[in-house]
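[1] sequence unknown, structure follows:
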């Protein structure tokens, strides 16, 4: 009987420990066994991003095996864009442009914030240069202990929640939209 109780307690502790490792995003728990889309739909901070992913037809892609690293802008990041930008991008006739913008936030592979930061710190110019799935150039820099991702125009998005593990990659929540040229 004691062994059963001890094993049950140990299993509960291990389940709690693995759950605690992933941060909540947008007031919702993020589960490592779910895909990027399955988790993102539950985040109150990512409703605009989820609507854009659906309009772009990228749900199946971001539900696939991956792995993907996604720099996921919060709703306020989309709101900071010039007036009418999001509405224009969501129109069916602008689907190609929307896909380009969204895939500028996706990088093939599973890149932790620590790995990105280490590559930036080890580089000769303090930036880690890499390409998004869209083909656009991105750069990462560490400033004040924070990781920033830069788009091709030099606009910076701060990683506000790092290393949200998914079954098919990782999400890093960012405070700005990366805009491809």
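    Sure, I can see it. Please read these numbers as outputs of a predicted model, since none were measured by experiment.
[2] name the helices or strands packed onto the strand ranked longest in the chain?
    Longest strand in the chain by number of residues (criterion: DSSP state E): strand 156-166. With contacts defined as 3 or more CB pairs under 8 Å, 6 or more residues apart in numbering; DSSP states H and E, the packing partners of strand 156-166 are helix 36-40, strand 68-73, helix 113-122, strand 146-150, strand 169-174. C-beta: built from backbone N, CA, C; applies to glycine.
[3] Nearest to residue 106, out of these?
    Residue 106 lies closest, by CB to CB, to one member of these: strand 68-73, at 5.4 Å.
[4] That closest one pairs with which strands?
    Note on strand 68-73: by DSSP bridges, its sheet partners are strand 106-108 (antiparallel), strand 169-174 (parallel).
[5] Let me know the next secondary structure element after it.
    Elements were assigned by DSSP states H and E; along the chain past strand 68-73, the next helix or strand is helix 75-79.
[6] buried stuff in that next one?
    Residues 75, 77, 78 are the ones in helix 75-79 that count as buried (16 or more other CB atoms under 10 Å).
[7] Report the mean per-residue pLDDT for it.
    Mean pLDDT, helix 75-79: 96.
[8] shaky segments in this protein?
    1-20 (pLDDT under 70).
[9] JSON lines please, covering the helices and strands packed on strand 156-166 and showing mean neighbour count and distance to residue 103.
    Shown next, in JSON lines, are these (neighbours: other CB atoms under 10 Å; distance: least, CB to CB, whole Å):
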{"stretch": "helix 36-40", "mean neighbour count": "23", "distance to residue 103": "13"}
{"stretch": "strand 68-73", "mean neighbour count": "25", "distance to residue 103": "10"}
{"stretch": "helix 113-122", "mean neighbour count": "16", "distance to residue 103": "18"}
{"stretch": "strand 146-150", "mean neighbour count": "20", "distance to residue 103": "14"}
{"stretch": "strand 169-174", "mean neighbour count": "24", "distance to residue 103": "14"}
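[10] Kindly reformat the ones you listed as JSON lines containing distance to residue 51.
    Formatted as JSON lines, these follow (distance: least, CB to CB, whole Å):
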{"stretch": "helix 36-40", "distance to residue 51": "11"}
{"stretch": "strand 68-73", "distance to residue 51": "12"}
{"stretch": "helix 113-122", "distance to residue 51": "26"}
{"stretch": "strand 146-150", "distance to residue 51": "22"}
{"stretch": "strand 169-174", "distance to residue 51": "17"}
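[11] Ok, which of the ones you listed comes nearest residue 139?
    Residue 139 lies closest, by CB to CB, to one member of the helices and strands packed on strand 156-166: strand 146-150, at 4.4 Å.
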